[in-house]
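In: Model the following, please.
(chains A and B)
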Number of protein chains: 2
Amino acid sequence: MTIKNVFYAQSGGVTSVINASACGLIQTARLHSDKIGTIYAGLNGIIGALKEDIIDTSFESDNDIAALRHTPAGAFGSCRYKLKSLETNRAEYERLIAVFKAHNIGYFFYNGGGDSQDTAYKVSQIGEQMGYSLTCIGIPKTVDNDLPITDNCAGFGSVAKYVAISMREASFDVASMCATSTKVFVMEVMGRHAGWIAAAGALAADENHDIPLIILFPEITFNQTKFLAAIDEKVKYYGYCCIVVSEGLKNSDGQFLSEAGGKDAFGHAQLGGVAPVIANLIKEKLGYKYHWAVADYLQRAARHIASKNDVEQAYAVGKAAVEFALAGKNAVMPTIVRTADSPYQWEIGSIDLKDVANVEKMMPPEFISPDGFGITLACRTYLEPLIAGEDYPPYKNGLPDYVVLKNQLVTKKLSEFNV
Amino acid sequence: MTIKNVFYAQSGGVTSVINASACGLIQTARLHSDKIGTIYAGLNGIIGALKEDIIDTSFESDNDIAALRHTPAGAFGSCRYKLKSLETNRAEYERLIAVFKAHNIGYFFYNGGGDSQDTAYKVSQIGEQMGYSLTCIGIPKTVDNDLPITDNCAGFGSVAKYVAISMREASFDVASMCATSTKVFVMEVMGRHAGWIAAAGALAADENHDIPLIILFPEITFNQTKFLAAIDEKVKYYGYCCIVVSEGLKNSDGQFLSEAGGKDAFGHAQLGGVAPVIANLIKEKLGYKYHWAVADYLQRAARHIASKNDVEQAYAVGKAAVEFALAGKNAVMPTIVRTADSPYQWEIGSIDLKDVANVEKMMPPEFISPDGFGITLACRTYLEPLIAGEDYPPYKNGLPDYVVLKNQLVTKKLSEFNV
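Out: Residues are numbered from 1 along each chain as shown, chains lettered A, B, ... in the order given. Got it, this is the predicted structure:
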């Protein structure tokens, strides 16, 4: 058996721990140099494969690869680029195979969300059809936590921790100020169509922290009357209220609230952000002084406060991907399997890529409280272990010492290809 | 000499370390029970004194007082309430003295920014005029870092650290995504009329982290043409650009950019936030895909990533306030005196309240780079020690274990007073 090379690519929106998966993968592959050749990575994800912009990770020191474990975002670059269906654009798949062949690549590891798992599955099919022997393994990654089957997604726990901590901290601030100033604080969070990240905001409150919270889930159609009544009740009782609103919140017409707000002076659609829309509504209808925050990239890049369990799982799925490949598995994705809630225990499982592709996992109804503004105990039991533990990066001059790789490209062997 | 009681109050916008000052003050005062009686605190700041809503901190355990050191925001409540001038509203000052007299208060510690130091000064004057013996000590606090004379303000270093880390992390995210997605990231920060917090964003870049950054200071009038040219140049060279914009940024008409943007669909002024205004301008004029964040309270409540030096200084000024009072000083404020840049050394100094009241310290011209979009080496030398060191709070279930005090009120002795 000839020794084949690896091609690894990061895909879609990055997370604070996707590089931990890269670290697990590269460190494990380096241990098996008898079976695995050069470890390549795509510059800017799958586009790197199509354009033959291929990074040779051999130039990175063991120390720098180890530092990926504590470095956020995509060290090799990521991209938002979904390959079309095999029927529509077979040329792209054939190009991928041609590039893989040119660089003797036998292992394709694709680190991403649902779309990427779909792509990994298609690549495994086309490889087979073209008679090119290729092992395709997906590595789960998404802050949105919306992949099916796996108990949770690497990347989610850390953003959940960031949101829970930020909301607890901000609630202390508002509680201090509400006698004469701000009474309502609104924080907007990510999550697209799934309310997992918004749900994590509810963890800010616990038996020792009685914080008035309202969560606005994308799974629940916004009901203005009910919402305003809930806010008013909390402000009257506690003196203040905190709101976590998902970017994907929609009104009864199915419109995103962030888009339904209006036009600016130039006639453009609202500048974006559902938090200011919600805050303004409260001011308008209830007259309460507000503040609002939009965490945006800060939440998914916040490696400084990553969840230890999340970092460990992100590393583990990267490591498992290589182990699966070496064990002869193909067209599979490692999953995280929860075996106990408390004390939390988990292990790595495996599913076929065809079962994960293009399925979105929303918050189940039994995780959302009857009033639609909070989480149930079942949801808390699910979420708490995912944010547990701290995994601080090393610091230098007061700042996290994140690594920047050399990212040295290999010499191209093929003609140009337009993406 | 009869033993007199203490009245401590938190004032204005809270910080992630103002409770560390409270901790330093209360712990030090508790050590001197031979000279200091009960330590009272105002519920919601000075309003607590006026309304005779007085917290008896004797009910708080030593452990809970110690936990204040790692708990953000104002544990006793703060307020935005500026006493009018002595001439305009002498009744309020007389009420203060009456409440102090009723509760045998001989020490007034006021923990706040410029306005509060002004109030502390006035209270010291009126006490003298009314023949009531009162020791008035100010304790500096403001995230804005705009108090004069003191080298820096307790509270600033931690928000500076948060902003620098957040910008470094977000820049890694944008750098990963810029090939196919976001090219410009805008983060809005606090600071009112002073650019200190915005300046801290520039620390995200250093000799190992070549990050394209543009800082928009409130001290520099916004020049749209120059700004857009600078952005475009950086995006063309680096592929992306990050912008830190101060909430206090003004255009050449002296208008805040956050207010100059326009009206929403209901005809209201723009929902607020200068970040979306800047982001939209870039999209409009240069066509670059953007993301923006408004950290708002998250930045000043972020005790989870407080600067160790800041926590130590916040504690030290609280402790020094008591020591000053015991040493017979009056109408003074402890300051932070820098004695060396590298290795950083500092000590506690003292200034008269009359010299600090109502003076705002802006970024000096020599701290802003010639193009107006960055900081100089002198500014970096000034800022770096202030964000140095980490001082992590204890965690429970994945979240910082912040303390909530009992805040038990004493029985009122006087008639009601309307505030």
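
In: State the helix or strand in which A:G349 lies.
Out: Using DSSP states H and E, A:G349 maps to strand A:344-352.

In: Same check on A:Y237?
Out: Counting by DSSP H and E, A:Y237 is found in helix A:224-238.

In: For that helix, what is the distance to the chain centroid?
Out: The chain centre lies 32 Å from the centre of helix A:224-238; the measure is CA atoms, centre = their mean, to the nearest Å.

In: So which residues make contact with that helix?
Out: If you take CB atoms under 8 Å, 6 or more residues apart in numbering or on different chains as the criterion, helix A:224-238 is touched by A:175, A:183-184, A:212, A:214, A:216, A:240-241, A:243, A:281-282, A:285-286, A:288, A:371-373. From N, CA and C alone the C-beta is placed, and that goes for glycine too.

In: Around chain B, pick out the residues from the stretch 101-250 of chain A.
Out: By CB under 8 Å from any CB of the partner chain, the residues of the stretch 101-250 of chain A that approach chain B are A:161, A:164-166, A:168-170, A:172-177, A:179-182, A:185, A:187, A:203-204, A:206, A:208-209.

In: A:A204 contacts A:I211, doesn't it?
Out: Yes. Using CB atoms under 8 Å, A:A204 is in contact with A:I211, at 5.6 Å.

In: list the residues that contact both of those two?
Out: Common neighbours of A:A204 and A:I211 (CB under 8 Å, 6+ apart) are A:M167, A:R168, A:S171, A:C242.

In: check contacts around the third one.
Out: Read that as A:S171. A:S171 sits next to A:F185, A:A204, A:A205, A:H209, A:I211, A:L213, A:Y240, A:C242 when contact means CB under 8 Å, 6+ apart.

In: what does the first one give?
Out: The contact partners of A:M167, taken as CB under 8 Å, 6+ apart, are A:M187, A:G201, A:A204, A:I211, A:L213, A:C242, A:V244.

In: Next one: the fifth one relative to A:T119, how far apart?
Out: A:L213 is 38 Å from A:T119, where distance means CB to CB, to the nearest Å.

In: State the number of residues packed around the closest residue to A:Y93 other than its chain neighbours.
Out: The shortest distance from A:Y93 to any non-neighbouring residue, by CB to CB, 6 or more residues apart in numbering or on different chains, is to A:I126 (4.2 Å). Using other CB atoms under 10 Å in any protein chain shown, A:I126 has 20 neighbouring residues.

In: For A:I126, what are phi and psi?
Out: Per-residue torsions, A:I126: phi -70, psi -40 (degrees, to the nearest 10).

In: likewise A:Y315?
Out: The phi/psi pair for A:Y315 (degrees, to the nearest 10) is phi -60, psi -40.

In: which residues sit in contact with it?
Out: If you count contacts by CB under 8 Å, 6+ apart, A:Y315 has them with A:A20, A:S21, A:C23, A:G24, A:R69.

In: Closest one of those residues to A:L383?
Out: The shortest approach to A:L383 among the contacts of A:Y315 belongs to A:A20, at 20.1 Å (CB to CB).

In: buried stuff in stretch A:374-385?
Out: The neighbour-count check on stretch A:374-385 (16 or more other CB atoms under 10 Å in any protein chain shown) flags A:G374, A:I375, A:T376, A:C379, A:R380, A:Y382, A:L383, A:E384, A:P385 as buried.

In: Scan chain A for its longest helix.
Out: helix A:156-177 (DSSP state H).

In: Make a ChimeraX selection of the buried ones in the contacts of helix A:224-238.
Out: A single ChimeraX command selects the buried members of the contacts of helix A:224-238 (16+ other CB under 10 Å):
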select /A:175,183,184,212,214,216,240,241,243,281,282,286,288,372,373
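
In: Which ones among the contacts of helix A:224-238 map onto strands?
Out: Using DSSP state E, the members of these that fall within strands are A:V184, A:I214, A:L216, A:C241, A:I243.

In: Now pLDDT too, for the residues you listed, in TSV please.
Out: Converted to TSV, the ones in strands among the contacts of helix A:224-238 look like this (pLDDT from 0 to 100):
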residue	pLDDT
A:V184	97
A:I214	98
A:L216	98
A:C241	98
A:I243	98
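
In: which two from the contacts of A:Y315 end up farthest apart in space?
Out: A:S21 and A:R69 (9.5 Å).

In: Neighbour count for those two, which is higher?
Out: Counted by other CB under 10 Å, A:S21 and A:R69 do not tie: A:S21 has more neighbours, with 32 against 24.

In: ok, and the more buried one, which helix or strand is that part of?
Out: Using DSSP H and E, A:S21 maps to helix A:18-30.

In: where's that helix relative to the chain centroid, distance-wise?
Out: 17 Å.

In: just stretch A:283-303 next, same as before
Out: On CA atoms, centre = their mean, the centre of stretch A:283-303 falls 20 Å from that of its chain.

In: at contact distance from chain B, anything in it?
Out: Yes. Using CB under 8 Å from any CB, stretch A:283-303 reaches chain B at A:284, A:291-298, A:300-303.

In: Mind listing what's buried along that stretch?
Out: Residues of stretch A:283-303 classed as buried: A:283, A:286, A:288-303 (neighbour count, 16+ other CB under 10 Å).

In: Report pLDDT for A:T28.
Out: Reported pLDDT at A:T28 in the predicted model: 98.

In: Just the pLDDT at A:G272, thanks.
Out: 64.

In: helices and strands around the helix or strand of chain A with the lowest mean pLDDT, which ones?
Out: The weakest-scoring helix or strand in chain A, judged by mean pLDDT, DSSP states H and E, is helix A:257-260 (a mean of 80). Helix A:257-260 sits against helix A:274-286, with contacts defined as 3 or more CB pairs under 8 Å, 6 or more residues apart in numbering or on different chains; DSSP states H and E.

In: Could you point out the helix or strand that follows the helix it packs on?
Out: strand A:290-294.

In: Tabulate the CA atom coordinates of that following strand in PDB.
Out: C-alpha atoms of strand A:290-294 as PDB (Å, rounded to 0.1, in the frame of the first residue of the first chain):
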ATOM      1  CA  TYR A 290     -32.500  50.600  27.500                       C
ATOM      2  CA  HIS A 291     -29.100  49.500  26.400                       C
ATOM      3  CA  TRP A 292     -28.400  46.900  23.800                       C
ATOM      4  CA  ALA A 293     -25.400  44.900  22.700                       C
ATOM      5  CA  VAL A 294     -24.700  42.900  19.500                       C
END
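
In: and the angle for it with helix A:156-177?
Out: Orientation of strand A:290-294 against helix A:156-177 (axes from the mean of the first three to the mean of the last three CA atoms, to 10 degrees) gives an angle of 160 degrees.

In: Next, the angle from strand A:290-294 to helix A:274-286.
Out: Angle between the axes of strand A:290-294 and helix A:274-286 is 170 degrees (criterion: the same axes, to 10 degrees).

In: Following the chain onward from strand A:290-294, which element is next?
Out: Sequence-wise, the next helix or strand downstream of strand A:290-294 (DSSP H and E) is helix A:297-301.

In: pLDDT on that following helix, on average?
Out: Mean pLDDT, computed over helix A:297-301, is 98.

In: Which other helices and strands does it contact?
Out: Under the contact criterion of 3+ CB pairs under 8 Å, 6+ apart, helix A:297-301 touches helix A:156-177, helix B:156-177, strand B:290-294.

In: so which of these comes closest to B:A75?
Out: Among those, helix A:156-177 comes nearest to B:A75, with 7.8 Å by CB to CB.

In: in chain A, what spans have low per-residue confidence?
Out: Scanning chain A with the threshold set as pLDDT under 70 gives A:1, A:260-272.

In: Could you rerun that using 50?
Out: Filtered on pLDDT under 50, chain A yields the residue ranges A:262-271.

In: For it, just list every one of the helices.
Out: Listed in chain order, the helices of chain A (DSSP H) span residues A:18-30, A:46-50, A:62-67, A:90-102, A:114-129, A:156-177, A:196-200, A:224-238, A:257-260, A:274-286, A:297-301, A:308-326, A:353-356, A:377-383.
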